[in-house]
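**Q** Sequence first, then the predicted structure:
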Amino acid sequence: MTTTITINSDLGEDIGIHSFGNDEEILKIVDTVNVACGMHAGDPGTMDRTVQAAAAAGVTVGAHPGLPDITGFGRRKMAITAEEARDLVRYQVGALVGFLAAHGTPLDHIKPHGALFGMAATDEDLMRAICEVAGQYGVPVYGLAGTAHETAAAACGVAFVPEFYVDLDYSKDGNLIVQRKPKERPLESVRSRTLQALMEGTVTTVDGTLLPVTAQSICVHSDLAQAPAVARTVREALEVARLGNH
(Lines give C-alpha, C1' and ligand atoms only; values in the text may rest on other atoms or scores of the structure.)
Protein backbone atom coordinates (compact mmCIF):
# COMPACT_ATOMS: atom_id res chain seq x y z
CA MET A 1 0.00 0.00 0.00
CA THR A 2 1.66 3.22 -1.18
CA THR A 3 -1.18 5.76 -0.98
CA THR A 4 -1.27 7.69 2.28
CA ILE A 5 -4.55 7.00 4.05
CA THR A 6 -5.73 9.55 6.58
CA ILE A 7 -7.99 9.27 9.61
CA ASN A 8 -10.78 11.81 10.03
CA SER A 9 -13.25 12.39 12.86
CA ASP A 10 -16.33 14.51 13.52
CA LEU A 11 -15.60 16.95 16.36
CA GLY A 12 -17.02 20.07 17.99
CA GLU A 13 -20.38 18.51 18.79
CA ASP A 14 -20.79 20.04 22.25
CA ILE A 15 -23.85 22.25 22.75
CA GLY A 16 -23.90 24.74 25.60
CA ILE A 17 -23.21 22.89 28.85
CA HIS A 18 -23.65 19.48 27.20
CA SER A 19 -20.46 17.69 26.13
CA PHE A 20 -20.14 14.82 23.65
CA GLY A 21 -17.00 12.89 22.82
CA ASN A 22 -13.37 13.14 23.87
CA ASP A 23 -12.14 15.69 21.36
CA GLU A 24 -8.86 16.28 23.18
CA GLU A 25 -7.77 12.64 22.88
CA ILE A 26 -9.06 12.28 19.31
CA LEU A 27 -6.93 15.25 18.21
CA LYS A 28 -3.81 13.38 19.30
CA ILE A 29 -4.52 10.56 16.85
CA VAL A 30 -6.31 11.78 13.71
CA ASP A 31 -5.08 13.72 10.69
CA THR A 32 -8.11 15.87 9.97
CA VAL A 33 -11.39 16.78 11.66
CA ASN A 34 -14.88 17.68 10.50
CA VAL A 35 -16.25 20.43 12.73
CA ALA A 36 -19.98 20.74 13.41
CA CYS A 37 -21.26 24.13 12.33
CA GLY A 38 -24.16 24.78 14.69
CA MET A 39 -27.22 23.28 13.01
CA HIS A 40 -27.11 19.61 14.01
CA ALA A 41 -24.62 20.18 16.84
CA GLY A 42 -22.03 22.66 18.04
CA ASP A 43 -22.33 26.33 18.93
CA PRO A 44 -20.13 29.41 18.38
CA GLY A 45 -18.00 28.85 21.47
CA THR A 46 -17.52 25.18 20.68
CA MET A 47 -16.57 25.97 17.08
CA ASP A 48 -13.98 28.48 18.24
CA ARG A 49 -12.44 26.15 20.82
CA THR A 50 -12.38 23.20 18.43
CA VAL A 51 -10.68 25.17 15.65
CA GLN A 52 -8.14 26.56 18.10
CA ALA A 53 -7.36 23.10 19.49
CA ALA A 54 -7.06 21.55 16.03
CA ALA A 55 -4.72 24.32 14.88
CA ALA A 56 -2.55 23.82 17.97
CA ALA A 57 -2.43 20.07 17.29
CA GLY A 58 -1.48 20.54 13.64
CA VAL A 59 -4.69 18.85 12.49
CA THR A 60 -6.47 20.12 9.38
CA VAL A 61 -10.08 21.30 9.69
CA GLY A 62 -13.04 20.68 7.42
CA ALA A 63 -16.65 21.82 7.70
CA HIS A 64 -19.32 19.32 8.77
CA PRO A 65 -22.63 20.98 7.85
CA GLY A 66 -25.84 19.20 8.71
CA LEU A 67 -29.60 19.58 8.64
CA PRO A 68 -31.13 22.04 11.14
CA ASP A 69 -32.17 19.36 13.62
CA ILE A 70 -30.38 19.54 16.95
CA THR A 71 -33.00 17.34 18.65
CA GLY A 72 -32.34 14.52 16.17
CA PHE A 73 -28.61 15.28 15.88
CA GLY A 74 -29.05 15.77 12.14
CA ARG A 75 -29.71 12.08 11.64
CA ARG A 76 -33.36 12.45 10.56
CA LYS A 77 -34.19 13.06 6.91
CA MET A 78 -35.86 16.31 5.89
CA ALA A 79 -37.55 17.25 2.63
CA ILE A 80 -35.39 20.07 1.21
CA THR A 81 -34.65 21.35 -2.26
CA ALA A 82 -31.18 21.49 -3.77
CA GLU A 83 -31.23 25.27 -3.38
CA GLU A 84 -32.11 24.96 0.30
CA ALA A 85 -29.29 22.46 0.76
CA ARG A 86 -26.84 24.83 -0.92
CA ASP A 87 -27.89 27.72 1.29
CA LEU A 88 -27.76 25.64 4.48
CA VAL A 89 -24.26 24.45 3.63
CA ARG A 90 -23.05 27.89 2.54
CA TYR A 91 -24.36 29.42 5.78
CA GLN A 92 -22.65 26.85 7.98
CA VAL A 93 -19.36 26.77 6.11
CA GLY A 94 -19.24 30.56 6.14
CA ALA A 95 -19.61 30.54 9.92
CA LEU A 96 -16.78 28.05 10.34
CA VAL A 97 -14.52 29.96 7.95
CA GLY A 98 -14.84 32.99 10.23
CA PHE A 99 -13.39 31.00 13.13
CA LEU A 100 -10.74 29.44 10.90
CA ALA A 101 -9.60 32.89 9.78
CA ALA A 102 -9.40 34.05 13.40
CA HIS A 103 -6.94 31.24 14.13
CA GLY A 104 -4.98 31.41 10.87
CA THR A 105 -6.16 28.00 9.67
CA PRO A 106 -7.48 27.29 6.15
CA LEU A 107 -10.62 25.34 5.33
CA ASP A 108 -9.50 21.85 4.28
CA HIS A 109 -12.68 20.22 2.98
CA ILE A 110 -16.46 19.89 3.29
CA LYS A 111 -18.18 16.74 4.49
CA PRO A 112 -21.97 16.71 4.95
CA HIS A 113 -23.26 15.18 8.18
CA GLY A 114 -25.70 12.42 9.01
CA ALA A 115 -28.97 12.45 7.09
CA LEU A 116 -27.70 15.15 4.72
CA PHE A 117 -24.74 12.89 3.88
CA GLY A 118 -27.06 9.95 3.23
CA MET A 119 -29.56 11.97 1.20
CA ALA A 120 -26.80 13.43 -0.96
CA ALA A 121 -25.41 9.95 -1.66
CA THR A 122 -28.52 9.10 -3.68
CA ASP A 123 -29.55 12.55 -4.95
CA GLU A 124 -27.10 14.05 -7.41
CA ASP A 125 -28.86 17.42 -7.53
CA LEU A 126 -28.53 17.71 -3.76
CA MET A 127 -24.86 16.75 -3.88
CA ARG A 128 -24.18 19.18 -6.72
CA ALA A 129 -25.57 21.93 -4.51
CA ILE A 130 -23.09 20.98 -1.79
CA CYS A 131 -20.29 20.81 -4.34
CA GLU A 132 -21.16 24.33 -5.47
CA VAL A 133 -20.11 25.57 -2.04
CA ALA A 134 -16.97 23.42 -2.10
CA GLY A 135 -16.11 24.96 -5.46
CA GLN A 136 -16.61 28.43 -4.00
CA TYR A 137 -13.87 27.70 -1.45
CA GLY A 138 -11.71 25.53 -3.71
CA VAL A 139 -11.79 22.53 -1.37
CA PRO A 140 -12.64 18.83 -1.84
CA VAL A 141 -15.71 17.01 -0.59
CA TYR A 142 -15.63 13.78 1.40
CA GLY A 143 -18.06 10.98 0.66
CA LEU A 144 -18.73 7.42 -0.48
CA ALA A 145 -17.16 6.16 -3.71
CA GLY A 146 -19.58 4.92 -6.33
CA THR A 147 -22.44 7.14 -5.15
CA ALA A 148 -23.80 10.55 -6.12
CA HIS A 149 -21.12 11.99 -3.83
CA GLU A 150 -18.50 10.99 -6.37
CA THR A 151 -20.41 11.57 -9.60
CA ALA A 152 -21.63 15.03 -8.56
CA ALA A 153 -18.13 16.07 -7.50
CA ALA A 154 -16.77 14.98 -10.87
CA ALA A 155 -19.53 16.83 -12.72
CA CYS A 156 -18.78 20.00 -10.74
CA GLY A 157 -15.01 19.76 -11.11
CA VAL A 158 -14.55 19.42 -7.35
CA ALA A 159 -11.93 17.10 -5.85
CA PHE A 160 -13.36 14.03 -4.14
CA VAL A 161 -11.99 12.11 -1.14
CA PRO A 162 -13.57 8.64 -0.75
CA GLU A 163 -14.11 7.45 2.81
CA PHE A 164 -14.43 4.16 4.63
CA TYR A 165 -16.55 4.01 7.78
CA VAL A 166 -14.97 1.57 10.19
CA ASP A 167 -17.56 2.00 12.97
CA LEU A 168 -20.75 1.84 10.89
CA ASP A 169 -22.37 -1.12 9.15
CA TYR A 170 -22.99 -1.15 5.39
CA SER A 171 -26.19 -2.38 3.76
CA LYS A 172 -26.04 -4.75 0.78
CA ASP A 173 -26.55 -1.80 -1.59
CA GLY A 174 -23.51 -0.01 -0.17
CA ASN A 175 -25.29 2.57 1.95
CA LEU A 176 -24.33 3.31 5.54
CA ILE A 177 -26.65 2.13 8.30
CA VAL A 178 -26.82 5.17 10.58
CA GLN A 179 -28.30 4.66 14.03
CA ARG A 180 -29.64 7.42 16.26
CA LYS A 181 -27.61 5.85 19.07
CA PRO A 182 -24.53 4.14 17.58
CA LYS A 183 -23.33 0.88 19.07
CA GLU A 184 -19.79 0.15 20.18
CA ARG A 185 -17.74 -2.23 18.04
CA PRO A 186 -15.12 -4.71 19.32
CA LEU A 187 -11.62 -3.41 18.63
CA GLU A 188 -10.62 -6.63 16.89
CA SER A 189 -13.50 -6.03 14.48
CA VAL A 190 -12.23 -2.48 13.92
CA ARG A 191 -8.78 -3.86 13.12
CA SER A 192 -10.01 -6.59 10.78
CA ARG A 193 -12.45 -4.29 8.95
CA THR A 194 -9.73 -1.70 8.41
CA LEU A 195 -7.27 -4.26 7.06
CA GLN A 196 -9.94 -5.84 4.85
CA ALA A 197 -10.83 -2.46 3.35
CA LEU A 198 -7.22 -1.43 2.75
CA MET A 199 -5.63 -4.72 1.68
CA GLU A 200 -8.55 -6.45 -0.03
CA GLY A 201 -10.60 -3.43 -1.10
CA THR A 202 -13.82 -4.87 0.29
CA VAL A 203 -16.27 -4.50 3.16
CA THR A 204 -18.60 -7.19 4.48
CA THR A 205 -22.19 -5.95 4.64
CA VAL A 206 -24.73 -6.83 7.34
CA ASP A 207 -26.03 -9.72 5.21
CA GLY A 208 -22.55 -11.10 4.50
CA THR A 209 -22.15 -9.68 1.01
CA LEU A 210 -18.67 -8.54 -0.03
CA LEU A 211 -18.75 -5.09 -1.60
CA PRO A 212 -15.85 -3.18 -3.16
CA VAL A 213 -14.74 -0.17 -1.14
CA THR A 214 -12.34 2.65 -1.96
CA ALA A 215 -10.81 4.77 0.78
CA GLN A 216 -8.42 7.68 0.96
CA SER A 217 -9.62 8.46 4.48
CA ILE A 218 -11.11 6.42 7.32
CA CYS A 219 -13.79 8.00 9.50
CA VAL A 220 -13.95 7.42 13.24
CA HIS A 221 -17.00 8.89 14.97
CA SER A 222 -16.21 10.70 18.21
CA ASP A 223 -19.55 10.34 20.02
CA LEU A 224 -18.79 6.96 21.60
CA ALA A 225 -16.68 6.52 24.72
CA GLN A 226 -14.44 4.06 22.87
CA ALA A 227 -13.67 6.51 20.03
CA PRO A 228 -10.03 7.18 21.03
CA ALA A 229 -9.39 3.43 21.27
CA VAL A 230 -11.02 2.92 17.86
CA ALA A 231 -8.86 5.66 16.34
CA ARG A 232 -5.70 4.16 17.84
CA THR A 233 -6.66 0.73 16.50
CA VAL A 234 -7.18 2.18 13.03
CA ARG A 235 -3.80 3.93 13.25
CA GLU A 236 -2.12 0.63 14.17
CA ALA A 237 -3.91 -1.16 11.31
CA LEU A 238 -2.77 1.52 8.85
CA GLU A 239 0.82 0.79 9.83
CA VAL A 240 0.28 -2.94 9.36
CA ALA A 241 -1.23 -2.31 5.92
CA ARG A 242 1.64 0.00 5.01
CA LEU A 243 4.11 -2.78 5.80
CA GLY A 244 1.99 -5.14 3.73
CA ASN A 245 1.33 -7.94 6.20
CA HIS A 246 -1.30 -8.86 8.75
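**A** Perfect, thanks for sending it. Numbers count the residues shown, from 1 in each chain.
**Q** Where do the helices of this structure begin and end?
**A** 23-26, 44-57, 82-102, 114-122, 124-137, 148-156, 187-195, 227-243 (DSSP state H).
**Q** Indicate which one of those helices is closest to residue 174.
**A** Residue 174 lies closest, by C-beta to C-beta, to one member of the helices of the chain: helix 114-122, at 8.8 Å. Placement of C-beta: from N, CA and C, glycine included.
**Q** Reformat the helices of the chain as JSON lines; add mean pLDDT and distance to residue 167.
**A** Below are the helices of the chain laid out as JSON lines (pLDDT from 0 to 100; distance: least, C-beta to C-beta, whole Å):
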{"stretch": "helix 23-26", "mean pLDDT": "94", "distance to residue 167": "13"}
{"stretch": "helix 44-57", "mean pLDDT": "98", "distance to residue 167": "20"}
{"stretch": "helix 82-102", "mean pLDDT": "99", "distance to residue 167": "24"}
{"stretch": "helix 114-122", "mean pLDDT": "96", "distance to residue 167": "14"}
{"stretch": "helix 124-137", "mean pLDDT": "99", "distance to residue 167": "23"}
{"stretch": "helix 148-156", "mean pLDDT": "98", "distance to residue 167": "19"}
{"stretch": "helix 187-195", "mean pLDDT": "96", "distance to residue 167": "7"}
{"stretch": "helix 227-243", "mean pLDDT": "93", "distance to residue 167": "6"}
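**Q** Of all those helices, which one is nearest residue 66?
**A** Counting by C-beta to C-beta, and looking across all of the helices of the chain, nearest comes helix 114-122 at 5.4 Å.
**Q** Report the angle between the closest one and helix 82-102.
**A** Going by axes from the mean of the first three to the mean of the last three C-alpha atoms, to 10 degrees, helix 114-122 is angled at 120 degrees with respect to helix 82-102.
**Q** Tell me which other helices or strands helix 114-122 touches.
**A** Contact analysis of helix 114-122 by 3 or more C-beta pairs under 8 Å, 6 or more residues apart in numbering; DSSP states H and E lists helix 82-102, helix 124-137, strand 141-143, helix 148-156 as its packing neighbours.
**Q** Can you lay out the helices of the chain as JSON lines showing mean neighbour count?
**A** Putting the helices of the chain into JSON lines (neighbours: other C-beta atoms under 10 Å) gives the following:
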{"stretch": "helix 23-26", "mean neighbour count": "19"}
{"stretch": "helix 44-57", "mean neighbour count": "18"}
{"stretch": "helix 82-102", "mean neighbour count": "19"}
{"stretch": "helix 114-122", "mean neighbour count": "22"}
{"stretch": "helix 124-137", "mean neighbour count": "22"}
{"stretch": "helix 148-156", "mean neighbour count": "19"}
{"stretch": "helix 187-195", "mean neighbour count": "18"}
{"stretch": "helix 227-243", "mean neighbour count": "19"}
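**Q** before we move on, the earlier item: please name whichever of the helices and strands packed on helix 114-122 is nearest to residue 31.
**A** It is, among the helices and strands packed on helix 114-122 and with distance given as C-beta to C-beta, strand 141-143, at 12.4 Å.
**Q** how about the closest one: buried residues?
**A** Buried residues in strand 141-143, counted by 16 or more other C-beta atoms under 10 Å: 141, 142, 143.
**Q** Burial check on residue 8, number of neighbours?
**A** Using other C-beta atoms under 10 Å, residue 8 is surrounded by 26 other residues.
**Q** Please apply the same query to the one 10 residues further on.
**A** Other residues within reach of residue 18, judged by other C-beta under 10 Å, total 10.
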